[in-house]
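**Student:** I'll drop the sequence and a predicted model, then ask my questions.
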Amino acid sequence: MWGLAARHDLHRDQDIARAGMRFGGARGLEKGGCSDMVRAPCRVAPGGNHQIRPMTRVLITSALPYVNGVKHLGNLVGSMLPADVFARYQRLKLGADNVLAICATDEHGAPAEIAALEEGLPVAEYCAKWHEVQKRLGESFHLSFDNFGRSSSPQNRELTQEFARALWKNGFLEVRTTRQVYSHADKRFLQDRFVIGTCPHCGYDRARGDQCENCTRVLDPTDLKSPRSALSGSPDIEVRDTQHLFLKQSEFSDRLRAWISSNEARWSPLVTSIAFKWLDEGLRDRGITRDLEWGVPVPDDIADGALKGKVFYVWFDAPIEYIGATREWADARGTPDAWVRWWRMPEAGDVTYFQFMGKDNVPFHTVGFPVTVLGANEGAAHPWKLVDVIKGFNWLNYDGGKFSTSQKRGVFMDQALELLPADQWRWYLMANAPEGSDANFTWEHFAGTVNKDLADVLGNFVNRILKFATARFEGKVPEEGAPGAAEEELEARLAALIASYTDNLEAMHFRKACADLRAIWVAGNEYVTVAAPWTLIKTDRAAAATAVRTGINLIRLIAHLSSPFIPSMSHAMLAALRVSDSHWRWTGDAAAELRHIRPGHVFDVPPVLVRKIEDAEIAAWQERFGGS
């Protein structure tokens, strides 16, 4: 899951009517109210056995961060942050009750066992500790998941075993004798990722035995050239016989190709190219059990107990935790059956399911997990829901090299929050999200983006309007004057920009959406600059009052529109205006939005919304973290 980049780290059809699909009501900073949706005919999704229906409910999952420590900014922008932005947008459009955003820590596998040993903790205690750390950091970044669960939960254990039993019953699992690497120096079997060597495909000399992070090919340890233990570095390893369960992925090749092809228009080229590359190279059956103590045990009623003492491979149980975390959410609410209507057909027939992930996770979500679902669905009275839209991201690099958890390279989430508030990071990361290609973080670029966009454009607009209005209109929305040609021009400009903004959010084109949002901020600045109420006040108080009143209402509109990206700043703007951040929806009527706050309304002047990053700070951060 994301974090597996460190560890190992459809759009709905356009024929769904867009009317009524702009922003809907909001309940508070995190959630949203309701709006009606225009319905479209149902159709059957190729490769699946369920119908795709109009988007009346939205399910969003972010690839799971692995539990081994704090995640870096590349992890954050690769899945969790865009998933949160999209969830916030959908809540504004559909209402909180119709959107469910899920994430969790991915806690099984050999890396957790090894890390726990290094910290001198039992593995369960280690995972509990780091789950809480990651949950707290996510909340500090304003990630608004409805539940941030744990793959080691009882719910996920039960579901993982349920999927395995269904696959076994349907004939898609098979016991096979395999050859597994054993390290004499470490006196243990080595899991795939703890065997390193040279990738046979691209020649990368530190490829892991499960996947090459350089070319993203999925590997087996025996594929590597010059293999050695990643724990001790010893080449004194041998391959021994052992029995494991294999998932018969090869039998699903045609079904997967049909399913992926049916989604090609809705998925990004990044996702489909990786998926088809796997299929074109030929699917291989995949071992889904490991010789470990920590994990979901293989139940004794599979293979007559022949696999007793083994656990499921982390990449088998981790995606199932999407469902497990939803079940955890339902149990915590005291509604234990509520998860069913998000995941099982026909109850989930009106759900559109979006997944967010980095590109290294795409193969497992376009092949491995879909095979699990399709195989378990055969003969099922209530089949599981397949994903509708997969949004994949490229890498965010750090100063020309890769972010790396294992090598402690780059800026990590806790360190980022020591430097600046979360919204500055949220804005920069999403405005430069690695969508079409890899992106590169540098301190100069980061500071320039924050200073120009948030301080010079947005912050300047908010503060100069409210300070002037306080000084010349006694801290109240003025009554004099009436809208004229300048206001009509602003309304038309805003309507066009907001239409583009919502279209790009709908399509999950986040960089374009950020460009649209910044253009809305610029439009506000340009309107006030041309109107120049600080000059008009000397000769035409009514015209100055019109400009101020329009500007104050525009701050309110901007705050609501900006909330998916910079929720804390948006809340601060609305608090300064003394207006609620709940029950708002974009109606498409810019004129009404710019007249919403009535004359006489009292407001406050907030502290500086965004302070500029100084050159001395940039130099200090470059010294601390490296880079330019």
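**Tutor:** Great, that's in hand.
**Student:** which residue packs closest to Pro383, ignoring adjacent ones?
**Tutor:** Distances taken as Cβ to Cβ, 6 or more residues apart in numbering put Asn377 closest to Pro383, at 4.0 Å, once the chain neighbours are dropped. Just so you know, the C-beta spots here come from the backbone N, C-alpha and C atoms, and that holds for glycine as well.
**Student:** please apply the same query to Tyr204.
**Tutor:** Per Cβ to Cβ, 6+ apart, closest to Tyr204 is Asn214, 3.8 Å.
**Student:** residue contacts, that neighbour?
**Tutor:** Applying Cβ atoms under 8 Å, 6 or more residues apart in numbering, we find Asn214 in contact with 199, 202, 204, 207.
**Student:** quick one: low-confidence ranges for the chain?
**Tutor:** 1-55, 405-408, 627-628 (pLDDT under 70).
**Student:** switch to 80 and redo it
**Tutor:** Scanning the chain for pLDDT under 80 picks out 1-55, 188-189, 193, 404-409, 581-583, 587, 627-628.
**Student:** and the chain, what are its domain boundaries?
**Tutor:** What automatic domain parsing lists as the domains of the chain is 51-163+317-440, 166-305, 443-593.
**Student:** deepest of these, which one?
**Tutor:** Across these, averaging neighbours per residue (mean count of other Cβ atoms under 10 Å) puts domain 51-163+317-440 on top, at a mean of 21.
**Student:** quick one on the thing from earlier: checking the residue nearest to Tyr204 next. Helix, strand or coil?
**Tutor:** With DSSP: H, G, I helix; E, B strand; the rest coil as the basis, the three-state label of Asn214 is coil.
**Student:** what do you get for Gln355?
**Tutor:** Secondary structure for Gln355, judged by three-state DSSP, is strand.
**Student:** on that earlier part again, surely the residue nearest to Pro383 is in contact with Val371?
**Tutor:** No - here Asn377 lies out of contact with Val371, judged by Cβ atoms under 8 Å, at a distance of 10.6 Å.
**Student:** returning to that earlier point: pull the most distant pair out of the contacts of Asn214.
**Tutor:** Farthest pair in the contacts of Asn214 (Cβ to Cβ) is Cys202 and Ala207. Separation: 7.9 Å.
**Student:** need the contact list for Gln191.
**Tutor:** Contact partners of Gln191, counting by Cβ under 8 Å, 6+ apart, are 109-110, 209-210, 290, 292.
**Student:** ok, those vs Phe163, which is closest?
**Tutor:** Phe163 has its nearest neighbour among the contacts of Gln191 in Arg290, at 16.5 Å by Cβ to Cβ.
**Student:** got phi/psi on the closest residue to that closest one other than its chain neighbours?
**Tutor:** Leaving aside its sequence neighbours, Arg290 sits nearest to Tyr313 (Cβ to Cβ, 6+ apart; 5.3 Å). The phi/psi pair for Tyr313 (degrees, to the nearest 10) reads phi -60, psi 140.
**Student:** do I have it right that Tyr313 meets Val296?
**Tutor:** No - contact between Tyr313 and Val296 fails when scored by Cβ under 8 Å: they sit 9.5 Å apart.
**Student:** any idea how far the residue of the chain most remote from its centre is from Glu479?
**Tutor:** For the chain, the residue at maximal distance from the C-alpha centroid (Cα atoms, centre = their mean) is Thr539, at 52.1 Å. Distance of Thr539 to Glu479, given as Cβ to Cβ, to the nearest Å: 19 Å.
**Student:** circling back: the residue nearest to Arg290: neighbour count?
**Tutor:** Counted with other Cβ atoms under 10 Å, the neighbours of Tyr313 add up to 25.
**Student:** outside of stretch 418-430, which residues touch it?
**Tutor:** Taking Cβ under 8 Å, 6+ apart as the rule, stretch 418-430 contacts 73, 76-77, 81-82, 85, 140-142, 396, 416-417, 446, 449-450, 453-454, 510-511, 514, 565-569, 610, 613, 617, 621.
**Student:** among these, name the ones in helices.
**Tutor:** Using DSSP state H, the members of these that fall in helices are 73, 81-82, 85, 140, 416-417, 446, 449, 510-511, 514, 567-569, 617, 621.
**Student:** what distance separates stretch 109-120 from the centre of its chain?
**Tutor:** Here the centre of stretch 109-120 is set off from its chain's centre by 26 Å, with Cα atoms, centre = their mean, to the nearest Å.
**Student:** switch to numbering from 473
**Tutor:** New numbering, starting at 473: the last item is stretch 581-592.
**Student:** contacts made by it with the rest, please.
**Tutor:** The contact list for stretch 581-592, computed with Cβ under 8 Å, 6+ apart, reads 479, 538-541, 594-595, 597-599, 662-663, 665-666, 703, 762, 764-767, 785-786.
**Student:** over to stretch 712-719?
**Tutor:** Contacts for stretch 712-719 (Cβ under 8 Å, 6+ apart): 636, 639, 644-652, 654, 661, 757-763, 770, 774-775, 778-779, 782, 788, 840, 843-844, 847.
**Student:** now with 6 Å?
**Tutor:** Applying Cβ atoms under 6 Å, 6 or more residues apart in numbering, the contact partners of stretch 712-719 are 645-650, 652, 654, 757-761.
**Student:** alpha carbons only: can I get that stretch in PDB?
**Tutor:** This file holds the C-alpha atoms of stretch 712-719, laid out as PDB (Å, rounded to 0.1, in the frame of the first residue of the first chain):
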ATOM      1  CA  ARG A 712      14.800 -24.900   0.700                       C
ATOM      2  CA  ASP A 713      11.500 -26.700  -0.100                       C
ATOM      3  CA  THR A 714       8.400 -25.500   1.700                       C
ATOM      4  CA  GLN A 715       4.600 -25.600   1.000                       C
ATOM      5  CA  HIS A 716       2.500 -22.500   0.300                       C
ATOM      6  CA  LEU A 717      -0.900 -21.500  -1.000                       C
ATOM      7  CA  PHE A 718      -0.900 -20.100  -4.500                       C
ATOM      8  CA  LEU A 719      -3.600 -17.800  -6.000                       C
END
